[in-house]
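Enquirer: quick one: sequence and predicted model below, then my questions.
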Amino acid sequence: MKKAIKFLLILLMFAAIVLSLVIMFPKKCARVWITVTGKPKNVAIRLYLYGLFGLFLATGGLSMFVLFPLYKQAFAPRAKLSELPVFKLWAHIYKVIWRSVTDGAYRKMYPSEITDPPKLNTDRSLVEIKPTWAGEDGNCDACENTCCGRLKCPLFGENGRCLGYDSIFFNYFYCGRYPENQAQIDYYDCPKWQLKE
Ligand code: SF4
Ligand code: SF4
């Protein structure tokens, strides 16, 4: 009985907070509501990934080993187990978090909204190939300064193959959609892409 009362009180408190926010910021709340309910799948998938990151942080990375199938599915579903440098990945996640906190230029590269759809390829409606690009349109073989290599991404496999290709991480964060803003092009000093006018 006591538990039920406690639960009811928490529920009432939560309702009161939500109601107060709606009264104080009606327009903002409406915008958030439309955004979230309008693209539920994209939001749900990103929240799932944030959850995996959160769990990783909360457990010091232990969750990645305990729930390995979930993490593998989210980050490298197509890679063979033997190809994955698990401990390097563990360290890399901390490196990415550290950079995100300390490096403003790095943070600017993540403009995606929580509702943005996944992208598996560079969006040609946003960017175009620079006239100075010496390589082929369809690959980056002519680039000496590969973005993945510079990032020292542990999913950058042999022969430049991305072990994370087509994962939730790849499709919903900036790998699949790279580049889509100037900050990304600048950060990696990309010789191939420029923003469309
Ligand atoms: S920096 Fe640009 S050209 Fe080089 S690998 Fe990355 S996308 Fe390709
Ligand atoms: S695209 Fe590059 S940075 Fe992204 S997961 Fe693949 S190897 Fe890593």
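Expert: Everything's here; your move. Numbers count the residues shown, from 1 in each chain. Ligands and ions are numbered 1, 2, ... in the order given.
Enquirer: wait, residue 90 touches residue 62, no?
Expert: No: here residue 90 lies out of contact with residue 62, judged by CB atoms under 8 Å, at a distance of 9.7 Å. Every C-beta, even on glycine, is put in place using the N, C-alpha and C of the backbone.
Enquirer: higher neighbour count, those two?
Expert: Shown here are residue 90 and residue 62; by other CB atoms under 10 Å, residue 90 has more neighbours (16 against 12).
Enquirer: give me the nearest residue to that one, chain neighbours excluded.
Expert: residue 61 (4.8 Å; CB to CB, 6 or more residues apart in numbering).
Enquirer: which residues touch the one you found?
Expert: The contact partners of residue 61, taken as CB atoms under 8 Å, 6 or more residues apart in numbering, are 90, 93-94.
Enquirer: in helices, which of those residues appear?
Expert: 90, 93-94 (DSSP state H).
Enquirer: name the nearest of those relative to ligand 1.
Expert: Minimum distance to ligand 1 across these is 21.1 Å, recorded for residue 93 (CB to the nearest ligand atom).
Enquirer: around that closest one, how many other residues sit close by?
Expert: Residue 93 has 18 neighbouring residues, counting by other CB under 10 Å.
Enquirer: check the one 4 residues further on too.
Expert: Residue neighbour count, defined by other CB under 10 Å, stands at 13 for residue 97.
Enquirer: that one: which element?
Expert: helix 86-102 (DSSP states H and E).
Enquirer: any part of that helix near ligand 2?
Expert: No: remark: helix 86-102 sits outside contact range of ligand 2, by CB under 6 Å from any ligand atom, the gap being at least 8.9 Å.
Enquirer: chain center to that helix: distance?
Expert: Distance of helix 86-102 from the chain centroid (CA atoms, centre = their mean, to the nearest Å) equals 13 Å.
Enquirer: please name every helix or strand in contact with that helix.
Expert: Using 3 or more CB pairs under 8 Å, 6 or more residues apart in numbering; DSSP states H and E, the elements in contact with helix 86-102 are helix 40-58, helix 62-66, helix 104-107.
Enquirer: who's in contact with the longest helix belonging to the chain?
Expert: Across the chain, the longest stretch assigned as helix under DSSP H is helix 2-24. With CB under 8 Å, 6+ apart as the test, helix 2-24 has contacts from residue 29.
Enquirer: could you dump that helix to CSV, C-alpha only?
Expert: Taking Å, rounded to 0.1, in the frame of the first residue of the first chain, the C-alpha atoms of helix 2-24 are listed here in CSV:
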residue,chain,number,x,y,z
LYS,A,2,2.8,2.4,1.0
LYS,A,3,4.6,1.6,-2.2
ALA,A,4,1.4,2.4,-4.3
ILE,A,5,1.1,5.8,-2.5
LYS,A,6,4.8,6.5,-3.1
PHE,A,7,4.4,5.6,-6.8
LEU,A,8,1.3,7.8,-7.1
LEU,A,9,3.1,10.7,-5.4
ILE,A,10,6.0,10.4,-7.9
LEU,A,11,3.5,10.2,-10.8
LEU,A,12,1.7,13.3,-9.5
MET,A,13,5.0,15.2,-9.1
PHE,A,14,6.1,14.2,-12.6
ALA,A,15,2.7,15.4,-14.0
ALA,A,16,3.0,18.7,-12.1
ILE,A,17,6.5,19.3,-13.6
VAL,A,18,5.3,18.5,-17.1
LEU,A,19,2.2,20.7,-16.7
SER,A,20,4.3,23.6,-15.3
LEU,A,21,6.7,23.3,-18.3
VAL,A,22,3.7,23.3,-20.7
ILE,A,23,2.3,26.4,-19.0
MET,A,24,5.6,28.3,-18.9
